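> Just to be clear, the model below is a prediction. Sequence and coordinates:
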Amino acid sequence: MLTPFTAEHEAFRKTVRAWVEKELTPHALEWDREGIFPREIFKQAGDLGFLGINHDPKYGGSGLDYWFVTAFCEELSRSQNAGVNMALLVQGQMATPIINEIGTDEQKREFLEPALKGEKIAALGVSEPGVGSDVANMKTTARIDGDDYVINGSKMWITNGTRADFITLGVRTGEAGYGGISLVTFPTDVKGFSVSKKLDKVGNLSSDTAILFFEDCRIPRRYVLGAENEGFYSIMTNFQGERLVTALTAVAGMERMVEDALRYGTEREAFGKPLLKFQVWRHKFVEHLTAIEAAKRLTYHAVAVFDQKENAVKEISMAKLFAGDLAQRVAYDCQQFFGGMGYIEETPIARAWRDIRLITIGGGTSEVMKEILSKIYNF
C-alpha cells in the first residue's frame, strides 16, 4: 500500500511531534501522579489548530481531511500519557463533531468556536450508571417547560467531566427507546448541575473522569442539537469517529511499545548477550510487527472509507476490535520483555500496559464490536 500521506500531512506531523515532545512527554509521569494536567494544554492545542483539524474553518477549524487527524493521533502517542491524549481527542474528535455537523450558527458561535480555540473545555455526556453502549436505554430526562428544558438524571464515565465548560449531552425528550433521545449543548454553570464524583481509575490517570448529576437544570430549548427526538442517530454516527480514533491510538501505541522494547533489547544483556539475541524474543517481535502492520492497514482502510463520508461501520468496528485485542497481547509481551523494569511507574511501558487496557472497553467493548459485526453479516 502506498502511503496515504502527502507532504502537507508530513509537515503537519512534524509540528505535532515537536509540540508533543516539548510540552507533553516531559511531564507524563508528573501529571499521572497529580491525576490531572494543566488546563493550558487545551489552549496550546487550540492555538496550534489541533482541536479543529477537520472542523469548519468558519468557526476556527482547519477543514482538513481525516488523514490529518490520523497523523495527529499517531504523533500524540509519543506523549507517554494516555490520559492527556484522551482528553484532547474527546475535545476535538468526540464532543465537538456533532456540533460541527448539526449545530446552528448560534450554537457553533457559543460552544464550538471557543472549544476549538481551547478556551472552553468540552465533554461528551452519553454513558450513564448502568447504561453504556445501550444508548437507547438512556434515563436522563429533559422535560419541556415553555421555552426551556428541565434536565434530571446522571452521567458516568465522562472524560473532562470535572472541569468541562459545556457538555454535548444526550437526554430523553420522548418515549422509551431510541426514538425519544435528543442531544443538547449544556453549559455547566447552570444551577442544579454538580460533579458527583471524580472516578479513581486504574489507568489514564491524568484524565479527569467523573459522575455528573443533574437536578432540575434549566437550559433554553434552542440548545437542542438537530431535530428533537432524533439524537440517537447522531450519537451512533459520532461513535464511528470515536471508535476510529481509538483504533488509531491502539495501533500507534503498539508501535511505540515495540520501539521502546527493541531499543531496550539491544542494551540490556542477560547471560552474556543482548536480550534481543534470544530467538524466542526475536520471533515474538516479528510476529507482533506483522500483526501491527495488519492492524494499521485495516485501520487505514477504515480511515479511507470514513474520509469519503461513506458508511464505515463495518470497517471501523473491525479495526477497533482487531487493534484493541492485539494491543493487549503486545502490551503484555513488551512489559514482560522489560522484566522488573516493566513493573515500575517510571518506565513508560508500565504505564502503557496499564492504560492500553481501556481500548477494548471504552467507546464500545470488543463484545459490542462483535455484536455489531454479527448483525452486519446477518448471523
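Okay, I see it.
> Can you pull the phi and psi angles for K273?
K273 has phi and psi values of phi -150, psi 160 when expressed as degrees, to the nearest 10.
> burial count for it?
Using other CB atoms under 10 Å, K273 is surrounded by 9 other residues. For the C-beta atoms, the positions are set from N, CA and C on the backbone; glycine is no exception.
> what bridges to it?
Per DSSP bridges, residues listed as beta-bridge partners of K273: A270.
> Number the residues from 37 up from this point.
Okay, using 37 as the starting number, the last item reads as K309.
> was I right about R387 contacting T61?
No. Between R387 and T61 there is no contact under CB atoms under 8 Å: 11.9 Å.
> the more surrounded of those two?
R387 (22 against 15).
> longest helix in the chain, by residue count?
Scanning the chain for the helix with the most residues, using DSSP state H, yields helix 267-303.
> Would you pull up how far that helix lies from the middle of the chain?
9 Å (CA atoms, centre = their mean, to the nearest Å).
> what residues does stretch 136-148 touch?
Stretch 136-148 is touched from outside by 91-92, 94-97, 132, 135, 156, 158, 202, 221, 258-259, 261-262, 270, 273, with contacts defined as CB atoms under 8 Å, 6 or more residues apart in numbering.
> go again using 6 Å as the cut-off
Contacting residues not belonging to stretch 136-148 are listed as H91, D92, Y95, T132, I135, F202, T221, L261, G262 [CB atoms under 6 Å, 6 or more residues apart in numbering].
> Flag every buried residue along the longest helix of the chain.
267-268, 270-271, 274-294, 296-298, 300-301 (16 or more other CB atoms under 10 Å).
> Look at K227 and give its secondary structure.
coil (DSSP: H, G, I helix; E, B strand; the rest coil).
> Could you tell me how far it is located from P256?
Separation of K227 from P256 (CB to CB, to the nearest Å): 14 Å.
> Of these two, which one has the most company?
P256 (13 against 9).
> and the gap between that one and V341?
38 Å.
> What ranges does this protein have for its strands?
158-161, 177-181, 184-195, 202-208, 217-223, 229-234, 245-256, 260-261, 305-306, 309-310 (DSSP state E).
> OK, contacts around T224?
Counted by CB under 6 Å, 6+ apart, T224 has contacts A200.
> 7 Å - rerun?
A200, D201, F202, I203 (CB atoms under 7 Å, 6 or more residues apart in numbering).
> Ok, M354 next?
With the criterion set at CB under 7 Å, 6+ apart, M354 makes contact with L334, L409.
> Could you break this structure into its assigned domains?
Following automatic domain parsing, one finds the domains of the chain at 43-152, 158-266, 269-412.
> can you give me the end-to-end distance of the second one?
Criterion CA to CA, to the nearest Å; first-to-last residue distance in domain 158-266 is 22 Å.
> do the same with the longest one
Using CA to CA, the end-to-end distance of domain 269-412 comes out at 17 Å.
> so for it, what's the average pLDDT?
Throughout domain 269-412, pLDDT has a mean value of 95.
> before we move on, what about stretch 232-248?
According to the model, stretch 232-248 has a mean pLDDT of 95.
> Next, the buried residues of that stretch.
So, applying 16+ other CB under 10 Å, buried residues of stretch 232-248: K237, G239, N240, L241, S242, S243, D244, T245, A246, I247, L248.
> Tell me which residues touch the spatially closest residue to the fifth one that is not a sequence neighbour, please.
Meaning S242. Closest residue to S242 apart from its sequence neighbours, by CB to CB, 6 or more residues apart in numbering: G119 at 3.4 Å. Residues in contact with G119 (CB under 7 Å, 6+ apart) are D68, N240, L241, S242, S243.
> Apply 8 Å and report the result again.
W67, D68, F73, G239, N240, L241, S242, S243, D391.
> And Y259, by the same measure?
Q143, Y185, V220, T221, F222.
> What's the PyMOL line that selects buried ones from those residues?
A single PyMOL command selects the buried members of the contacts of Y259 (16+ other CB under 10 Å):
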select buried, resi 143+185+220+221+222
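> ok, the contacts of Y259 vs T335, which is closest?
Within the contacts of Y259, proximity to T335 (CB to CB) peaks at T221, which comes in at 30.8 Å.
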